[in-house]
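Student: 3D model of this:
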Amino acid sequence: MSPSRLSEATLHAARSGTILPTYDREATRFGIVHIGPGAFHRAHQAFYVDTLLHSDKRWAISALSLKSTTLRDALSTQQGLYTLVELGAAPRARIIGAIRELLVGPADSAAAFARLAARDTQIVSLTVTEKGYCLDARNELDLANPDIAHDLANPPSAAGSGPRSTIGWIVEGLRRRRAAGVAPYAVLSCDNLPDNGAVLKRALVAFARQSDSDLARFIEAEVVCPRTMVDSITPATDDSLRERTRKLTGLDDAWPIQREPFTQWVVEDVPVMRDADWQSVGVTLARDVGIYDRAKLRLVNGPHSTLTYLGLLRGHESVADAMRDEQLARFVELLMTEDLAPSLGATPGFDVEHYISAVLAPF
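Tutor: Next up is the predicted model:
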């Protein structure tokens, strides 16, 4: 007999060992609109939010895809549920319930604008890759970008379709909140873009300034765009993952995702991020996010590449195999502690030794 399709009605049939959302999804409120709900978002931010929802029901996610209907089509019959497979020596499956709504910009613009304008919406987050910010070579908003030019020339009407650009969506949502007397949401870039919060805010202000100088001043003065750093290795979904998911959960999932065990989310420590206990679910609030950016490049990416290159030369097939090679493991640890860590310079409040240990464990 073929396995049942993952849904609210079949959660009870998941195999023992599957981690389930034990909170009442219907009792949660939409606190986050996320633009660009690809695999990385579902493996990363939605995982943290899912954990938070067990203790704080205010943060369910409304996922907004600007163009593609693929995710909505795959997960609509699953009520937004999907399986996260955490890789490792003993892979484990967790069903994520944080995404309660799946919208597509062109077709669901009215619903999306309503969600952006809603008082409960406190955060608009995004994973749209660097291209989605429509920037020029100076990391400023490119007014000649076709999507930006279209949105400036065609402001959305009450019944019209949504903008084409991420920047256009966010600014229009802020305009509607301001007009309704609702406080602005925080805008949280989760893309690995240098100084992403400041870059994003400049783009929002520049877009608004083209048509509404008062709105631009409002965004500049009132809208918070924290700097962030994200890290999670998320291999693509394929049929072998779907089959592994069936074996782990006993359920058929149209679009499961997978990631390596090590994951990190660092957000600038600003007042809006203290409205929820993000730290209790593993999010790091930091005064200086830049140190985490540098640490990731030097203490995560560098050693990972080293293990890959040297491990292949010594006949190993994976990073895990390379770490079982005593000589390689010792070499990488010395590389991190004696050569790479000192290159970070003074790091007040940042525990380098603990960070190295946290990195070496998943390796």
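Student: Please, which helix or strand holds residue 255?
Tutor: Counting by DSSP states H and E, residue 255 is held by no secondary-structure element, helix or strand.
Student: How confident is the prediction for it, by pLDDT?
Tutor: Model confidence at residue 255, expressed as pLDDT, equals 96.
Student: thinking it is in contact with residue 82, fair?
Tutor: Yes - the pair residue 255 and residue 82 passes the contact test of Cβ atoms under 8 Å, sitting 5.9 Å apart. For every residue, glycine as well, the C-beta is placed using N, CA and C.
Student: Now do the shared contacts for these two.
Tutor: Residues touching both residue 255 and residue 82 (Cβ atoms under 8 Å, 6 or more residues apart in numbering) are residue 75.
Student: More neighbours: the two, which one.
Tutor: For residue 255 against residue 82, the residue with the higher neighbour count under other Cβ atoms under 10 Å is residue 82, and the figures read 26 against 19.
Student: pretty sure the more buried one contacts residue 96?
Tutor: Yes - judged on Cβ under 8 Å, residue 82 makes contact with residue 96 at a distance of 5.8 Å.
Student: In contact with the nearest residue to residue 72 once chain neighbours are set aside, which residues?
Tutor: Counting by Cβ to Cβ, 6 or more residues apart in numbering, residue 72 lies nearest to residue 102, which is 4.2 Å off, once chain neighbours are set aside. Remark: with contacts taken as Cβ under 8 Å, 6+ apart, residue 102 is in contact with 37, 63, 65, 71-72, 75-76, 80.
Student: got the residues you listed as JSON lines, with pLDDT, secondary structure and distance to residue 148 columns?
Tutor: Written out in JSON lines, the entries for those read as follows (pLDDT from 0 to 100; DSSP: H, G, I helix; E, B strand; the rest coil; distance: Cβ to Cβ, whole Å):
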{"residue": "37", "pLDDT": "97", "secondary structure": "coil", "distance to residue 148": "22"}
{"residue": "63", "pLDDT": "98", "secondary structure": "strand", "distance to residue 148": "23"}
{"residue": "65", "pLDDT": "96", "secondary structure": "strand", "distance to residue 148": "19"}
{"residue": "71", "pLDDT": "93", "secondary structure": "helix", "distance to residue 148": "24"}
{"residue": "72", "pLDDT": "94", "secondary structure": "helix", "distance to residue 148": "25"}
{"residue": "75", "pLDDT": "95", "secondary structure": "helix", "distance to residue 148": "30"}
{"residue": "76", "pLDDT": "93", "secondary structure": "helix", "distance to residue 148": "31"}
{"residue": "80", "pLDDT": "97", "secondary structure": "coil", "distance to residue 148": "30"}
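Student: For stretch 79-87, measure first residue to last.
Tutor: By Cα to Cα, to the nearest Å, the extent of stretch 79-87 from end to end equals 25 Å.
Student: Can you give me the end-to-end span of stretch 225-245?
Tutor: The stretch stretch 225-245 measures 37 Å between its terminal residues, going by Cα to Cα.
Student: for the residue nearest to residue 72, phi and psi?
Tutor: Reported as degrees, to the nearest 10, the phi and psi values for residue 102 are phi -120, psi 110.
Student: now swap in residue 176 and tell me
Tutor: Comment: the main-chain dihedrals of residue 176 come out as phi -70, psi -40, following degrees, to the nearest 10.
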